[in-house]
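1. Curious how this folds, go ahead:
(chains A, B, C and D)
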2 protein chains.
Amino acid sequence: MAASGRISKRDATRRENEARILAAAEKVFAEAGFGGATMQLIADMAGLPKANLHYYFATKEELYRKVVQQIFEIWLHAADSFDDAPGPVEAIGAYIDAKMEISRRHPFGSKVWASEVMHGAPVIQDYLETTLREWTKGRAGLIQRWIDEGKMAPVDPRHLLYMLWATTQHYADFGHQIETLNGGRPLSDRQWKAAKESVKTIILRGIGAA
Amino acid sequence: MAASGRISKRDATRRENEARILAAAEKVFAEAGFGGATMQLIADMAGLPKANLHYYFATKEELYRKVVQQIFEIWLHAADSFDDAPGPVEAIGAYIDAKMEISRRHPFGSKVWASEVMHGAPVIQDYLETTLREWTKGRAGLIQRWIDEGKMAPVDPRHLLYMLWATTQHYADFGHQIETLNGGRPLSDRQWKAAKESVKTIILRGIGAA
DNA sequence: TCTCTTTCTGACCGTATGGTCAAGGTTGAG
DNA sequence: CTCAACCTTGACCATACGGTCAGAAAGAGA
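-> Predicted structure coming up:
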């Protein structure tokens, strides 16, 4: 029974299996693309028989959709940093920090998202047209207000947002390239910190807010 | 015979067919990913029977490799802008212009490249380790010199380069998202110009070179 | 025109993939 | 303990895909 806070063994197993599958799927979709990913590979990586995947997720599309949605949630949540800030320096600084952290912690998710958008967003087009459009409109308005109040230089708010997305996500999506150019080694803690600082410094100075 | 400047009908056809196939392949690989792309679809788009593709390109991998190489060439060529410039403003300004123009003219190529790198660069890893590594080292050194000469603010040259790549390529790779946020319409000439200016303004001011 | 080489193509093949299913196991409420 | 609901899985199926091939067509040189 689930009426109390008690979770039954069934519920626990279900949750764990779903989580395992989603994690494996995220990785496989990121590394092979939707077309290149196979249910068998995801199953192996999750340590479950393939038929079991289809018990939890009827089709490959459905599984993929869940993965993409999961990422979108994380994405949106990072935007909170943007809100409760008095001005552009704090807001954008915190947003860059948050998004860089996501790039570091969820590189697979970022890649799946990038892949989805690059392929014309067949699965999450409606999100783009509703949630993301709203979000963008709101933040662009906020930035415009800061400009009007003289808190930053007059730049096109939308292109600034694109720049923030591009720059931060690049560290996840092109992580392999960066790693190669770093002598084949992943960025160290110190290097990640330097990356964050570089991005923040250039952009904040670039918008005349530092 | 081809000893003279004369091109035989055969050579002409060959060239045209290869070009058609490569163009179709670029588009299909960009829109579906390597795994999602099918030789049949590429063939249809090129207006040739599938078996004919295999006459010109033995395998799907070989065709894909050619597509990626083609892009890499264009990529490198854009870097010329970087060289014959007296200082950061001219060099980086011209580089941004060139790369934005590529994003606009070759969005499919950019996507294929992004996809390739995101999947761990299985095909062009050697290019990353040789040509790109050299190129990056050279430009980073150049930027460092400008910093030492007081022509720009002290920023990490590599992270600046990543920022340039990320920002400019974003307009190709995430073009669909940008289009959606633009009310479903592709960016107009005017908007592309504004994009270029925004990027240049923010980055050049960001590195204290404007 | 004749002949040799290159190009073209419909039909075909083996394989891998997404998805199904029926039978058997496990869990938990009453 | 019982039974219904839920979960697990090996075996199976239809399809679609990359790639092959034999022979027809077309071009180039003589």
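
2. switch to C-alpha atoms for all contacts and neighbour counts from now on
-> Will do.

3. For chain A, what lies in contact range of DNA strand D?
-> Within chain A, the positions near DNA strand D by CA under 7 Å from any atom of the strand are A:10, A:11, A:13, A:14, A:17, A:48, A:49, A:51, A:52, A:54, A:55.

4. Single out the residue in chain A that lies closest to DNA strand D.
-> When distances are taken as CA to the nearest atom of the strand, chain A approaches DNA strand D most closely through residue A:52, which lies 3.5 Å from it.

5. right, and the helix or strand after the lowest-mean-pLDDT helix or strand in chain A?
-> Least confident element among the helices and strands of chain A, by mean pLDDT, DSSP states H and E: helix A:80-83 (a mean of 82). Proceeding C-terminally, helix A:80-83 gives way to helix A:88-105 as the next helix or strand, assigned by DSSP states H and E.

6. mean confidence for stretch A:39-54?
-> Stretch A:39-54 comes out with an average pLDDT of 98.

7. ok now the helix or strand encompassing residue A:179, how far from the chain's centre?
-> With secondary structure defined by DSSP H and E, residue A:179 is part of helix A:175-181. Centroid displacement of helix A:175-181 relative to its chain, using CA atoms, centre = their mean, to the nearest Å, is 19 Å.

8. Repeat that for stretch A:74-85.
-> Computed by CA atoms, centre = their mean, the separation of stretch A:74-85 from the middle of its chain amounts to 12 Å.

9. How about the residues of chain A by DNA strand C?
-> Remark: the part of chain A in contact with DNA strand C comprises A:1-2, A:8-11, A:35, A:37-40, A:50-51, A:54, A:58-61, using CA under 7 Å from any atom of the strand.

10. circling back to that earlier point, residues touching the least confident helix or strand of chain A, excluding its own?
-> The contact list for helix A:80-83 (CA atoms under 8 Å, 6 or more residues apart in numbering or on different chains) reads A:91, A:92, A:94, A:95, A:98.

11. returning to what we had before: just the buried ones among the residues of chain A next to DNA strand C, please.
-> Among the residues of chain A next to DNA strand C, those buried by neighbour count (16 or more other CA atoms under 10 Å in any protein chain shown) are A:37, A:38, A:39, A:50.

12. restrict those residues to contacts with chain B.
-> Intersecting those with the contacts of chain B gives residue A:37 (criterion: CA under 8 Å from any CA of the partner chain).

13. which of the buried ones among the residues of chain A next to DNA strand C lies closest to residue B:173?
-> The shortest approach to residue B:173 among those belongs to residue A:37, at 20.8 Å (CA to CA).

14. so the closest one touches residue A:28, yeah?
-> Yes. The pair residue A:37 / residue A:28 is scored as a contact, 5.9 Å apart, by CA atoms under 8 Å.
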